[in-house]
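Student: sharing a sequence plus its predicted fold:
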Amino acid sequence: MKGLKLGSKIIFVINSLAAFLLLISYVLPYVPPKSFASLSVLSLGVPLLILLNAIFFVYWLLRVKKQMLLSLVVLLLGWSYINSMYKFSSSSDVKDDANFSVMSFNVRLFNRFDWLPRKTIKEDILKFIKSEEPDILCLQEYRSGDPISLDGYYDFNARYTEGIKSGQTIFSKFPIINSGSLEFPNTYNNAIFVDIVKQTDTLRVYTFHLQSSGIETDVEKLKKETSGHLFKQVRSTFRAQQDQVELFLDHKSKSNYKTIITGDFNNTPYSYIYRMIKGDEFNDTFEAAGNGFGRTYDFKFFPLRIDFILADESFTVNGFKTFDVKLSDHYPIKTTLSLP
């Protein structure tokens, strides 16, 4: 730091800390929350760390200082992280009869508790769905006691189903020949699946809602929370998510069908949870064909992508879109897929 003034030295120290934390975050997808839950919490801050390092790089670059190399090297080492956060190119939907679309949307109980000031949220969600007409529709935080009806669709768990938790439902324009639920213990969350027939193929579609941390997104309410309480809450959540994912993976391993996984993971693409679900055989449809930040959750501090549609390598990803519609605390996402 020779030749730097005091103010610049302080800035470089902060820069070094941000670079170090981002570097550490690169190992987080390989660290089980049950073993190192405290370290896993860092995965939530990765988008902010990327933005900070980008700002520091530009700051030193404009001053033609060699300190710019620190953040530049760390960012380049984690290029795949940047690709998960922001897509610099986009892919338009290919109009083809072989294509079919899959939408995932956490509808937040259709605004049952008036989180949003509008009284027509449920009707607006229904209107939005009908305008997009996805071939497969996966909803989380869905109220089977207050169901919606979609003409031309088969459905599973859209209305009360004995022995199966409400919350998740799947609609499909293709016939459903089998369905079921994977009940997560000690929680309202679960995973459901359907096996559908598309022409000569049988496809399995999962949707789930992993354990939520319950962290407030309202800035004023968040200020009232102690850091210790927030930290403990997130650690506990990540451990529960690992248990849920292990149950899900065991269930998925018993199927040989071509598979699509959708849902609200309540975790980021930089986490152990995401890596375990995605594995090596699935493609993240946003990374394959999305654009921009791909933000799926309305968090005021930085863009969070916690809702996903993953398709195994049998599928070609021809398009992806995140919809900027304020109907929930989540944003709907849709991908266009095809089979050879």
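Tutor: Noted; the coordinates are in hand.
Student: what packs against the one helix or strand Leu22 maps to?
Tutor: Using DSSP states H and E, Leu22 maps to helix 6-25. Helix 6-25 sits against helix 46-62, helix 68-77, with contacts defined as 3 or more Cβ pairs under 8 Å, 6 or more residues apart in numbering; DSSP states H and E. To be clear about C-beta, it is placed using only N, CA and C from the backbone, and glycine gets the same treatment.
Student: which of the ones you listed is buried the deepest?
Tutor: helix 46-62 (a mean of 19; mean count of other Cβ atoms under 10 Å).
Student: number of nearby residues for Arg118?
Tutor: Neighbours of Arg118 under the rule other Cβ atoms under 10 Å: 12.
Student: tell me the SS of it?
Tutor: coil (DSSP: H, G, I helix; E, B strand; the rest coil).
Student: can you name the residues that contact it?
Tutor: 111, 124 (Cβ atoms under 8 Å, 6 or more residues apart in numbering).
Student: would you quantify the distance from it to Ser25?
Tutor: As judged by Cβ to Cβ, to the nearest Å, Arg118 and Ser25 stand 38 Å apart.
Student: over to Val197?
Tutor: Taking Cβ to Cβ, one finds Val197 at 42 Å from Ser25.
Student: look at the two and report which has more neighbours.
Tutor: Ser25 (23 against 14).
Student: show the pLDDT at Asp151.
Tutor: Looking at Asp151, its pLDDT is 96.
Student: actually Ser90, not the one I typed
Tutor: Listed pLDDT for Ser90 reads 60.
Student: low pLDDT regions in this protein?
Tutor: Counting by pLDDT under 70, the chain contains low-confidence ranges at 1, 89-95, 214-231.
Student: which stretches of it form helices?
Tutor: According to DSSP state H, the chain carries its helices in the segments 6-25, 33-40, 46-62, 68-77, 79-85, 121-132, 219-223, 227-252, 272-278, 285-289.
Student: other SSEs contacting the second one?
Tutor: Put plainly, it is helix 33-40. Against helix 33-40 (3+ Cβ pairs under 8 Å, 6+ apart) you get helix 227-252, helix 272-278.
Student: please state the offset of the longest one from the chain centre?
Tutor: The one in question is helix 227-252. Helix 227-252 has its C-alpha centroid displaced from the chain centroid by 15 Å (Cα atoms, centre = their mean, to the nearest Å).
Student: do the same with the last one
Tutor: Relative to the mean C-alpha coordinate of its chain, helix 272-278 is positioned 11 Å out (Cα atoms, centre = their mean).
Student: mind listing residues that contact that helix?
Tutor: The contact list for helix 272-278 (Cβ under 8 Å, 6+ apart) reads 28-33, 40, 43, 210, 238, 241-242, 245-246, 248-249, 261, 265, 267-268, 284, 308, 310.
Student: sorry, back to before: most packed of the helices and strands packed on helix 33-40?
Tutor: Of these, the one with the most neighbours on average (mean count of other Cβ under 10 Å) is helix 272-278, at a mean of 21.
Student: using CSV, write out every CA atom in it.
Tutor: Taking Å, rounded to 0.1, in the frame of the first residue of the first chain, the C-alpha atoms of helix 272-278 are listed here in CSV:
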residue,chain,number,x,y,z
TYR,A,272,-24.7,-26.2,-0.9
ILE,A,273,-28.4,-26.7,-1.1
TYR,A,274,-28.6,-25.5,-4.7
ARG,A,275,-25.5,-27.6,-5.7
MET,A,276,-27.0,-30.7,-4.2
ILE,A,277,-30.3,-30.3,-6.0
LYS,A,278,-28.8,-29.3,-9.4
